[in-house]
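Colleague: could you work out the structure for the sequence below:
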Amino acid sequence: MSFENHAIEQKKFYILKALGDSEKPLGSRAIATQLQKFGIRLDESAVRYHLRLMDEKGLTGMIRHRDGRIITEYGRTELKRALVSDKVGLAMSRIETLAFGTDFDPDTLTGSLPVNISFFHRTDFKKALGVMNSVFQAGFSVSDRVLAADEGERMGELIVPPGMVGFATVCSIAINGALLKAGVPVNSKFGGVLQMRNHRPLRFVELIYYTGSSMDPSEIFIRAGMTKISQVHETGDGEILANFREIPAVCQTLTSEIASKLEKAGIGGIILMGDVSKPVCEIPVDVNRVGVVLIGGLNPVAAAREAGIESESHAMSTLVTYDSLVKFSEVYSKWG
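Modeller: Next up, the predicted model:
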């Protein structure tokens, strides 16, 4: 895709992304609203200007005049190729967006939480639940609250494809959101593979920094088969998905208090909190900062993949209300 300059190229990339993420045509007003989520402010007339240029290039099209624009197949192809430099860091942007949108209140058990959504083939879902059951029982999940949906049903921004079952797990960004609402600034550093020994965290053996990634690291590690979660459950030794954050040292006590409230509401996630300026799991920590290790929300799905059960995961997918989630045991009883 040839653009006049980087700024224009960036705007066109995110217009394509907004259209690509939508299940229906979007008008200029709706696109302008979506762009604000990516930190880009364009009024409707500016959006229309870019759309006309993109129509000419065959990237977008119009079904009927009043229905708005859709992305073409050529546009989808170019979206995958374009703006590699801007795709880098999209994982961090997604974390910040979902953390800001999290408004779950552990005292009233109301509000929304970020979730990861995975799609399993209907014929595999019962077996997958059997594998994931041990992971939830072992506590290798952010929460035992989940959501399952049948084909055609909506899960946040996604619709479950034909022949599939959607399965949502609470994302560790829920911790970011809760801390953010309490005034605790969180520096999300990386997602990684954490080696466990005797059921205790030892060290990170693989990591991908969010600022250098266009997708959630957990998705990459799952596809590469780099976890041994079932082995940890059976022997105490193996590798699980985990994430690394840093908080200011002055916020350590407040963070512990918030974590306790979340745990009472069924939202865990913090595996380990270090000491001020001290390394955590062999990861250096900045001065006057505290390292925090969070469990990966996709560990149950990763364990199913270890058992040979394929799935399509969308980490850091969307926000759902707390009251729409149910205990895993209820899903297991219904679908297992």
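Colleague: can you give me the buried ones in stretch 245-253?
Modeller: Within stretch 245-253, the residues that count as buried by 16 or more other Cβ atoms under 10 Å are 245-249, 251-252. The C-beta positions use only the backbone N, C-alpha and C, and glycine is treated the same way.
Colleague: neighbouring contacts of it?
Modeller: Applying Cβ atoms under 8 Å, 6 or more residues apart in numbering, the external contacts of stretch 245-253 come out as 175-176, 179, 184-189, 255, 273, 276-277, 285-286, 288-294.
Colleague: from the residues you listed, list the buried ones, please.
Modeller: Buried residues within the contacts of stretch 245-253, defined by neighbour count using 16+ other Cβ under 10 Å: 175-176, 179, 184, 186, 188-189, 255, 273, 285, 289-294.
Colleague: which two of the buried residues of stretch 245-253 have the greatest separation?
Modeller: The distance between the two most remote of the buried residues of stretch 245-253 (Cβ to Cβ) is 13.5 Å, for Arg245 and Ala249.
Colleague: in its sheet, which strands sit next to whatever helix or strand Gln195 lives in, and in what direction?
Modeller: Secondary structure here is read from DSSP states H and E; on that basis Gln195 sits in strand 187-197. Each strand pairing with strand 187-197, determined using DSSP bridges, is listed with its direction: strand 200-209 (antiparallel), strand 238-248 (antiparallel).
Colleague: for the stretch 151-300 of the chain, which segments count as strands?
Modeller: Ranges of strands in the stretch 151-300 of the chain, per DSSP state E, counting those that start in this stretch, are 154-155, 158-159, 164-170, 187-197, 200-209, 238-248, 270-273, 289-295.
Colleague: assign Ala304 to helix, strand or coil.
Modeller: Here Ala304 is recorded as helix under DSSP: H, G, I helix; E, B strand; the rest coil.
Colleague: which one is it nearest to, not counting chain neighbours?
Modeller: On the basis of Cβ to Cβ, 6 or more residues apart in numbering, the spatially nearest residue to Ala304 that is not a chain neighbour turns out to be Ala128, at 4.3 Å.
Colleague: got the angle for the helix or strand hosting that neighbour vs strand 164-170?
Modeller: In this structure, Ala128 sits in helix 122-138 according to DSSP H and E. Here the directions of helix 122-138 and strand 164-170 differ by 20 degrees (axes from the mean of the first three to the mean of the last three Cα atoms, to 10 degrees).
Colleague: for helix 122-138, packing partners?
Modeller: The criterion is 3 or more Cβ pairs under 8 Å, 6 or more residues apart in numbering; DSSP states H and E, and the helices and strands that helix 122-138 contacts are strand 164-170, helix 229-235, helix 299-306, helix 328-335.
Colleague: so Phe136 versus Val301, what's the distance?
Modeller: Going from Phe136 to Val301 by Cβ to Cβ, to the nearest Å gives 11 Å.
Colleague: of the two, who's got more company?
Modeller: For the pair Phe136 and Val301, the greater number of neighbours falls to Val301 (32 against 22), based on other Cβ atoms under 10 Å.
Colleague: surely that one and Ile222 touch.
Modeller: Yes: Val301 is within contact range of Ile222, at 6.7 Å (criterion: Cβ atoms under 8 Å).
Colleague: give me the neighbour count for the closest residue to Arg305 other than its chain neighbours.
Modeller: Of all residues not flanking Arg305 in the chain, Ile222 sits nearest, at 5.4 Å (Cβ to Cβ, 6+ apart). Neighbours of Ile222 under the rule other Cβ under 10 Å: 25.
Colleague: then Leu16?
Modeller: Applying other Cβ under 10 Å, we find 24 other residues in the vicinity of Leu16.
Colleague: again, but for Ile117
Modeller: By the measure other Cβ under 10 Å, the count of residues near Ile117 is 25.
Colleague: ok, for Leu241, nearest residue in space, not its chain neighbours?
Modeller: Gly296 (2.8 Å).
Colleague: repeat for Arg245
Modeller: Once its chain neighbours are removed from consideration, Arg245 has its nearest residue in Val292; the separation is 4.5 Å (Cβ to Cβ, 6+ apart).
Colleague: need the contact list for Lys334.
Modeller: The contact partners of Lys334, by Cβ under 8 Å, 6+ apart, come to Ala148.
Colleague: let's see it at 10 Å
Modeller: Shown in contact with Lys334 (Cβ atoms under 10 Å, 6 or more residues apart in numbering): 129, 148, 326.
Colleague: so which of those residues wins on neighbours?
Modeller: Counting neighbours by other Cβ under 10 Å, Leu129 comes out on top of those with 25 neighbours.
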